[in-house]
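Trainee: have a look at this prediction, sequence included:
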Amino acid sequence: MKVLPSVVSEIKLSYSPTKMANKPIRSSQDSFEIIKKYFDEDTIALHESFIIMYLNQNNMVIGVHVHSKGGITSCVVDIRLVLAIALTSACTGIILAHNHPSGALKPSQPDLTLTEKIKSGCKLLDIKLLDHLIIAPNDSYYSMADSGDL
């Protein structure tokens, strides 16, 4: 039997976890202390960025991904990519974070809608959406989990 060449692209997934020297995330403050380092101090007051922290069963950080950078008032978040990375990393929980260049900490309606969509996707995959932080340029934050918005 003759084997025909494949006409479909091959997709390869890999998983190479590193041993991160960290402690479990137990509070929004713990999350904030880690994730704020991934926001560019030079542009945090200029444009929005969306960053995701992926966690294992013990709430230890597997990795952090800078998902997107946007404009002054918004950035594009592709939920499929957020969840694809969650599946590839074999995480059991995620923490979302984005900044508000204006310094306003209250979540907007689009923030709440996006969070709900990601939460629904996570639920289907048995992944916990643990929090969504809004970070201001003045080193303060708002936790949707702490505030009951999650």
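Mentor: Nice, thanks for sending it over.
Trainee: show me what counts as buried in the helix or strand of the chain with the lowest mean pLDDT.
Mentor: Ranked by mean pLDDT, DSSP states H and E, the weakest helix or strand in the chain is strand 61-69, scoring a mean of 92. Using 16 or more other Cβ atoms under 10 Å as the test for burial, strand 61-69 gives 61-62, 64-65, 67-68. Heads up, the C-betas are built off the backbone N, CA and C, glycines and all.
Trainee: each with direction, which strands does it pair with?
Mentor: strand 49-55 (antiparallel) (DSSP bridges).
Trainee: what about the partner strand, distance to the chain center?
Mentor: Strand 49-55 has its C-alpha centroid displaced from the chain centroid by 2 Å (Cα atoms, centre = their mean, to the nearest Å).
Trainee: also stretch 77-95?
Mentor: With Cα atoms, centre = their mean, you get 8 Å for stretch 77-95.
Trainee: then stretch 109-117?
Mentor: 13 Å.
Trainee: can you check stretch 50-65 too?
Mentor: 8 Å.
Trainee: same question, stretch 62-72
Mentor: For stretch 62-72 - counting by Cα atoms, centre = their mean - the centre lies 7 Å from the chain centre.
Trainee: give me the contacts around it.
Mentor: Here stretch 62-72 makes contact (Cβ atoms under 8 Å, 6 or more residues apart in numbering) with 17, 20, 34-35, 38, 43, 46-56, 75-78, 81-82, 85, 89-91, 101.
Trainee: with just CA atoms, put that stretch into PDB.
Mentor: Once non-C-alpha atoms are left out, stretch 62-72 reads as follows in PDB (Å, rounded to 0.1, in the frame of the first residue of the first chain):
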ATOM      1  CA  ILE A  62       3.400  27.100  36.200                       C
ATOM      2  CA  GLY A  63       3.900  30.100  34.000                       C
ATOM      3  CA  VAL A  64       2.800  33.600  33.100                       C
ATOM      4  CA  HIS A  65       1.800  34.600  29.600                       C
ATOM      5  CA  VAL A  66       1.600  38.200  28.200                       C
ATOM      6  CA  HIS A  67      -1.500  37.600  26.100                       C
ATOM      7  CA  SER A  68      -1.900  41.000  24.400                       C
ATOM      8  CA  LYS A  69      -1.100  44.600  24.400                       C
ATOM      9  CA  GLY A  70      -3.700  47.100  23.200                       C
ATOM     10  CA  GLY A  71      -4.600  50.700  23.000                       C
ATOM     11  CA  ILE A  72      -5.300  53.400  25.600                       C
END
